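In: Whatever this is, show me its structure:
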Amino acid sequence: MSGSQRKVYVTHKIPEAGLSILRKEGCELDIGSERPSFSKEELIVALRKKPYDAVICLLTDVIDAEVFDAAPRAKIFANYAVGFNNIDVEEAKKRGITITNTPGALTEAVAEHTVALMLAISRRVVESDRFMRDGSFTGWGPELFLGEELQGKTLGILGAGRIGGRVAEIVSRGFGMKVIYYDVKQSSELEHPKAGGPGASFRATPEEVLKEADIVSLHVPLLPSTTHLINKERLALMKRGAYLINTSRGAVIDESALVDALKRGTIRGAALDVFEHEPSLASGLRELQNVVLTAHIASATALARNSMATLAAENIVAFFKGEKPQNIVSP
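Out: I've put the predicted structure just below:
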């Protein structure tokens, strides 16, 4: 690879684990904004400054025809994320631009955070923390902050990919939970685990999962078919004592409908790491006590973020060498 001739634009600073790989290959790196609100217009201006050969972008970056026009020499866009709904993949295909992502690198981190959210909402950890901090605690009481145990409950998973499968493994083995799931295709690996665990049971529709589960966990990509997958009608199918967990994509849930369901007691609670109009929240969500909110941190471990950076860089290096990157989304 003629690294000295390769210019790579990185839209936001990513861990050095990835940047060092590109530097060792002799690539010239330009790193964009450290602000999460870096706009598409600002990105276009930045890309026009040099003839970049590759771009590393984030899930928060809108990558469309106008962005591709601003970097005509860049034939690979490496998304520092598993999802790629921020990229116009069809437009990339038309132009012969390769799109890559970073699957696998954050599976464990996101699965663990999902389980952390289950525990936080079912055992009312955040409510109790606030109660202590504001000085309301005056002594132990037999019915103070009663929650629910996970042991013996049914977890319903919508989306049985790497992360959904790992969550199923953790809760079935660790808590003895029954697992049911829906996906566009059945998973023999999920239903017949290699060692231990009861295995998961397939349900033919999301509705069946929603009706039966005590906790519903979302692990689907954001597609036209999954936007508002959880809406008013489907929330109404859930048990009144059920919890909803989302570490996938915010727009999978109709957030306004969820606020209404939480206020009315349609479901008992929710725990969210992603939001429909991130970083904004639907009106009323912030004030609810029966919801746990985290700041899109499910993959926020040093190991996961370093691994993501490494994968993104390795995808670009492979492309420059004329090899097939590990994680091609398009073409």
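
In: From the chain's centroid, how far away is stretch 224-242?
Out: 18 Å (C-alpha atoms, centre = their mean, to the nearest Å).

In: Only C-alpha atoms, please: export that stretch in PDB.
Out: C-alpha atoms of stretch 224-242 as PDB (Å, rounded to 0.1, in the frame of the first residue of the first chain):
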ATOM      1  CA  PRO A 224     -38.200   1.000   7.300                       C
ATOM      2  CA  SER A 225     -39.700  -2.200   8.500                       C
ATOM      3  CA  THR A 226     -38.500  -1.700  12.100                       C
ATOM      4  CA  THR A 227     -39.200   2.000  12.500                       C
ATOM      5  CA  HIS A 228     -41.800   2.300  15.300                       C
ATOM      6  CA  LEU A 229     -41.800  -1.500  15.600                       C
ATOM      7  CA  ILE A 230     -43.000  -0.700  19.100                       C
ATOM      8  CA  ASN A 231     -46.100   1.500  18.800                       C
ATOM      9  CA  LYS A 232     -49.200   2.300  20.700                       C
ATOM     10  CA  GLU A 233     -51.000  -0.900  19.500                       C
ATOM     11  CA  ARG A 234     -48.100  -3.200  20.300                       C
ATOM     12  CA  LEU A 235     -47.500  -1.600  23.700                       C
ATOM     13  CA  ALA A 236     -51.100  -2.400  24.500                       C
ATOM     14  CA  LEU A 237     -50.400  -6.100  23.900                       C
ATOM     15  CA  MET A 238     -47.800  -6.200  26.600                       C
ATOM     16  CA  LYS A 239     -48.500  -7.300  30.200                       C
ATOM     17  CA  ARG A 240     -49.200  -4.500  32.600                       C
ATOM     18  CA  GLY A 241     -46.300  -5.600  34.800                       C
ATOM     19  CA  ALA A 242     -43.900  -5.900  31.800                       C
END
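
In: Contacts for that stretch, please.
Out: Residues from elsewhere that reach stretch 224-242 (C-beta atoms under 8 Å, 6 or more residues apart in numbering): 148, 158, 206-207, 210-211, 213-216, 218, 220, 244, 246, 249, 251-254, 257-258, 260-261, 265-268. To be clear about C-beta, it is placed using only N, CA and C from the backbone, and glycine gets the same treatment.

In: Listing request: residues of the stretch 201-331 of the chain with sub-threshold pLDDT.
Out: 330-331 (pLDDT under 70).

In: Which residue ranges of it form strands?
Out: 215-218, 243-246, 269-272, 291-293, 328-330 (DSSP state E, counting those that start in this stretch).

In: Alright, that wraps it up for me.
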